[in-house]
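# here is my input, please return the structure:
(4 chains)
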There are 2 protein chains.
Amino acid sequence: MVSINDVAKKAGVAKSTVSKVLNNYSMVSEETKRKVKAAVEELNYVPNSVAISLSKRSFHRVGLIIDIQHNRQFVDEIGMKHLTGAFDRAQVHHMDVVTFFSSQFRDMTANQIREHLAAQRINCLIIYNMSKDDIHLKELVELEDFLTVLVDSSVYNRKTSTVTINHYQAQYDVASKTLRENDITDTILYIAGEMNSYVSEKRLQAMIDLQKEQGFKMIVEYGDFDEFKARQIVFQYASEVDIIVCASDLMAIGAVFALRELDVFHPVCGFDGITLMGYTQIAMNTVKQDFYKKSQLAFDEIQRLIEGGQGQYIEVPYTIGIIDYMDVIQ
Amino acid sequence: MVSINDVAKKAGVAKSTVSKVLNNYSMVSEETKRKVKAAVEELNYVPNSVAISLSKRSFHRVGLIIDIQHNRQFVDEIGMKHLTGAFDRAQVHHMDVVTFFSSQFRDMTANQIREHLAAQRINCLIIYNMSKDDIHLKELVELEDFLTVLVDSSVYNRKTSTVTINHYQAQYDVASKTLRENDITDTILYIAGEMNSYVSEKRLQAMIDLQKEQGFKMIVEYGDFDEFKARQIVFQYASEVDIIVCASDLMAIGAVFALRELDVFHPVCGFDGITLMGYTQIAMNTVKQDFYKKSQLAFDEIQRLIEGGQGQYIEVPYTIGIIDYMDVIQ
DNA sequence: TTGTACGCGTTATCAA
DNA sequence: TTGATAACGCGTACAA
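Here you go, the predicted structure:
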């Protein structure tokens, strides 16, 4: 490979001078600049980011922590959109990115995670869908050793921002819209997400408040964002309820398919606005959010934190509606 | 962060001794081993992989090159399975992994790509679905500067292996099975993949040979693996054909939905066995392959090449069948 | 069996 | 404005 020494030799200057040209130092003559740049061009020289990150104190490598359970079979389009959104911005900002699964860290203490990340010279973190069960990850965020952006969480401090939609309001909106559109709203089955997930908690709270306002009967069951569990919950309660509100589209799909097998109809609404919904050709209300953009925004927020900004809470917009096949294919 | 010096100090030995213990050198006393290991435990020491890769010649970092077009809306479950499969094995082998999109390299020459990768100290490559349009990527493979595994391609040389299913045989099998199961097989519409894709070429050849054997009429159109294009091709030819064979499931789904809108029925078959198919509840024959396992295997093959193995052509199994919703959810 | 010194590619600090 | 030299954290010949 071509190193800074090769460039220096070709340009007839010292390697420290090459470094100065490359990093836009002011105290360097136009003549040397020209020579160095010519040599760089000719040799296809690309600075070694590994060496830079070892040497430079201010070099930033971003760790992406996603929570994909690839043992489950389902389509994980959300994870992919998170990744591509972040990778895209990383390229623009010329930053290195390393991907992790949160499952890797489940058996580690906060300090162990910290050293593990530091050992890869990672100093920035984007954590997607951090659960309260990830206690050590949460601890890590509170240590404030890394510049962190949480996606769909709610913690923030000096060095930590959160990028999220308003899960409370969104759940409230999609549920109340679905109620308005239907006559019999006597009993509602709410299939919540995971017991210890930040977003699940907020969505559940919205349902509880809605119930207080409108005074319907509500059965709450945790589906753990698992399509199969949602399916089984529906088999259990289908006869007693009028409307089913789900905390995720995947569970909503599981619910609708279960209802079809039982040959009964109840209105169902979902949450997330995943593409998959378009293919099922189920017309249900859901909360549409752009995971790709949200992840891009999270990366830009990392950039802001690097530049010295304080951690903050950022709310991104969502819309309520039906996902149609035609929306999905173009 | 904790460095090897901290461990050495704590254990009361030289840092080179620590290094020897960590890398399982034989010439070291049980006593020092014990001391070093105790210090490592206590300090949560994790070796800095960035420094290792800079220093050690034999350290291996693997670049993953995937070809996701995230501008298109469709669900990209295949890409995600490729990534998770590779990440999984990387963890087992304690190797660093860096992800790239092939689109990043479209405007670069082979030499530029080489320097770009070398600058990140990458010496191994897994390239997914390399197209013939990626001429510079292909050139790069031929330079043999990297240990490379191609997934679903056909090139191989001393330093390059290919992991793939038998695309020719699979296309032949799924098409002839679909023909057998239906009476009217007068005219077939074959919606091929991309003009310059290795796999598309092989799949098309299978159809041409099948046509010679069975003597039906065949219309061939390129759908570029694009669901929307497949849809439009079907609108154009639906009235003239009896059976539609597609080179991908996504195009097959596009075809079926188009037929539904036209309110006509023709048998359709697909290729890949994606989970998405289960949600559409379309009962069609397709080629089922395990992208997750294939990617794991590709990573293990990298390991074999590292250990000095020669590049080879590896065929993995596939099955023909229908993807059912129940298969998909558990 | 253990410790010393150098190299990997880069940036940062000084002296020239 | 430039160039020599010391870090960064690690592995590894080679010397002790």
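# who's in contact with the residue of chain A lying at maximal distance from its centre?
No residue in chain A has its C-alpha farther from the mean C-alpha position than A:Gly12, which lies at 48.0 Å (C-alpha atoms, centre = their mean). A:Gly12 makes contacts with A:Lys35, as judged by C-beta atoms under 8 Å, 6 or more residues apart in numbering or on different chains. C-beta here means a position set from N, CA and C on the backbone, and glycine is covered the same way.
# now it: how far from DNA strand C?
Plainly put, A:Gly12 is 16 Å away from DNA strand C if you go by C-beta to the nearest atom of the strand, to the nearest Å.
# low pLDDT regions in chain A?
Confidence mapping of chain A against pLDDT under 70 gives the ranges A:69-75.
# spell out which residues of it are next to DNA strand D.
Along chain A, the residues adjacent to DNA strand D under the rule C-beta under 7 Å from any atom of the strand are A:12-17, A:20, A:26-29, A:31-32, A:51, A:54-55, A:119.
# of these, which belong to helices?
Secondary structure assignment (DSSP state H) places A:15-17, A:20, A:31-32, A:51, A:54-55 from the residues of chain A next to DNA strand D within helices.
# quick check: the residue of the stretch 101-250 of chain A nearest DNA strand C.
Nearest to DNA strand C in the stretch 101-250 of chain A, going by C-beta to the nearest atom of the strand, is A:Arg121, at a distance of 11.2 Å.
# so that residue, which of the three states?
coil (DSSP: H, G, I helix; E, B strand; the rest coil).
# follow-up on the earlier one: show me which of the residues of chain A next to DNA strand D are buried.
Restricting these to buried positions leaves A:13, A:17, A:20, A:32, A:51, A:54, A:119, with burial counted as 16 or more other C-beta atoms under 10 Å in any protein chain shown.
# please name the nearest non-neighbouring residue to the last one.
Read that as A:Ala119. Sequence neighbours aside, B:Val46 is the residue nearest to A:Ala119 in space, at 3.8 Å (criterion: C-beta to C-beta, 6 or more residues apart in numbering or on different chains).
# and that neighbour, how many neighbours?
With neighbours defined by other C-beta atoms under 10 Å in any protein chain shown, the count for B:Val46 comes to 18.
# so it makes contact with A:Ile113?
No - B:Val46 lies out of contact with A:Ile113 (C-beta atoms under 8 Å); the separation is 9.9 Å.
# just checking, A:Ile274 touches A:Met80?
No - under the criterion of C-beta under 8 Å, A:Ile274 makes no contact with A:Met80, lying 11.0 Å away.
# list the contacts for the residue of the stretch 201-330 of chain A found nearest DNA strand D?
Taking C-beta to the nearest atom of the strand, DNA strand D has its nearest neighbour within the stretch 201-330 of chain A at A:Ile306, 19.3 Å off. Each residue near A:Ile306 by C-beta under 8 Å, 6+ apart is listed here: A:60, A:124, A:147.
# do A:Lys35 as well
When contacts are counted by C-beta under 8 Å, 6+ apart, A:Lys35 touches A:11-13.
# closest one to chain B out of these, please.
Minimum distance to chain B across the contacts of A:Lys35 is 16.8 Å, recorded for A:Ala11 (C-beta to the nearest C-beta).
# how many neighbours does that closest one have?
Using other C-beta under 10 Å, the number of residues around A:Ala11 comes to 23.
# show me the contacts for it.
Going by C-beta under 8 Å, 6+ apart, the list of residues near A:Ala11 reads A:18, A:32, A:35-36, A:38-39.
# what does A:Ser19 give?
Shown here is A:Ser19, whose contacts under the criterion C-beta under 8 Å, 6+ apart are A:Ile4.
# from A:Arg57, how far off is it?
A:Ser19 sits 15 Å away from A:Arg57, going by C-beta to C-beta, to the nearest Å.
# again with A:Tyr168
For A:Tyr168 relative to A:Arg57 (C-beta to C-beta), the value is 41 Å.
# name the residue in the two with the higher neighbour count.
Neighbour tally, A:Tyr168 and A:Arg57, criterion other C-beta under 10 Å: the higher count belongs to A:Tyr168, 17 against 6.
# so A:Lys202 makes contact with A:Tyr168?
Yes - with contact defined as C-beta under 8 Å, A:Lys202 counts as touching A:Tyr168 (4.5 Å).
# who is the residue nearest the centre of chain A paired with across the strands?
The geometric centre of chain A, computed from its C-alpha atoms, lies nearest to A:Tyr128 (C-alpha atoms, centre = their mean), at 3.9 Å. With DSSP bridges applied, A:Tyr128 shows beta-bridge pairing to A:Val151.
# name the helix or strand for A:Ile233, please.
A:Ile233 belongs to helix A:227-237 when assigned by DSSP states H and E.
# does that helix reach chain B?
Yes - against chain B, helix A:227-237 shows contacts by C-beta under 8 Å from any C-beta of the partner chain at A:227-228, A:231.
# tabulate these in CSV, adding columns for distance to DNA strand C and neighbour count.
Conversion of the residues of helix A:227-237 next to chain B to CSV gives the following (distance: C-beta to the nearest atom of the strand, whole Å; neighbours: other C-beta atoms under 10 Å in any protein chain shown):
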residue, distance to DNA strand C, neighbour count
A:Glu227, 48, 27
A:Phe228, 50, 19
A:Arg231, 55, 23
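# now the helices for the stretch 101-250 of chain A?
Along the stretch 101-250 of chain A, the stretches classed as helices by DSSP state H, counting those that start in this stretch are A:110-118, A:135-143, A:167-180, A:198-214, A:227-237, A:249-262.
# deepest of these, which one?
Comparing the helices of the stretch 101-250 of chain A by mean neighbour count (mean count of other C-beta atoms under 10 Å in any protein chain shown), helix A:249-262 comes out on top with a mean of 23.
# give me the number of residues near A:Ser153?
Residue neighbour count, defined by other C-beta under 10 Å, stands at 24 for A:Ser153.
# which bits of chain A sit near DNA strand C?
For chain A, the residues in contact with DNA strand C under the definition C-beta under 7 Å from any atom of the strand are A:1, A:3-5, A:15-16, A:18-19, A:22-23, A:47-48, A:51-52, A:54-58.
# any chance of the contacts of A:Lys35 in JSON lines, with distance to B:Glu261 too?
Putting the contacts of A:Lys35 into JSON lines (distance: C-beta to C-beta, whole Å) gives the following:
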{"residue": "A:Ala11", "distance to B:Glu261": "64"}
{"residue": "A:Gly12", "distance to B:Glu261": "69"}
{"residue": "A:Val13", "distance to B:Glu261": "68"}
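# mind saving the C-alpha coords of stretch A:190-202 as PDB?
Taking C-alpha atoms only, stretch A:190-202 is exported to PDB below (Å, rounded to 0.1, in the frame of the first residue of the first chain):
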ATOM      1  CA  TYR A 190     -54.200  -3.700  23.400                       C
ATOM      2  CA  ILE A 191     -51.200  -5.900  22.500                       C
ATOM      3  CA  ALA A 192     -48.300  -4.000  24.000                       C
ATOM      4  CA  GLY A 193     -44.600  -4.300  23.100                       C
ATOM      5  CA  GLU A 194     -42.000  -5.400  25.600                       C
ATOM      6  CA  MET A 195     -42.400  -5.000  29.300                       C
ATOM      7  CA  ASN A 196     -39.200  -3.000  29.700                       C
ATOM      8  CA  SER A 197     -39.000  -1.100  26.600                       C
ATOM      9  CA  TYR A 198     -39.100   2.700  26.700                       C
ATOM     10  CA  VAL A 199     -41.300   3.100  23.700                       C
ATOM     11  CA  SER A 200     -43.700   0.400  24.900                       C
ATOM     12  CA  GLU A 201     -44.200   2.200  28.200                       C
ATOM     13  CA  LYS A 202     -45.100   5.400  26.500                       C
END
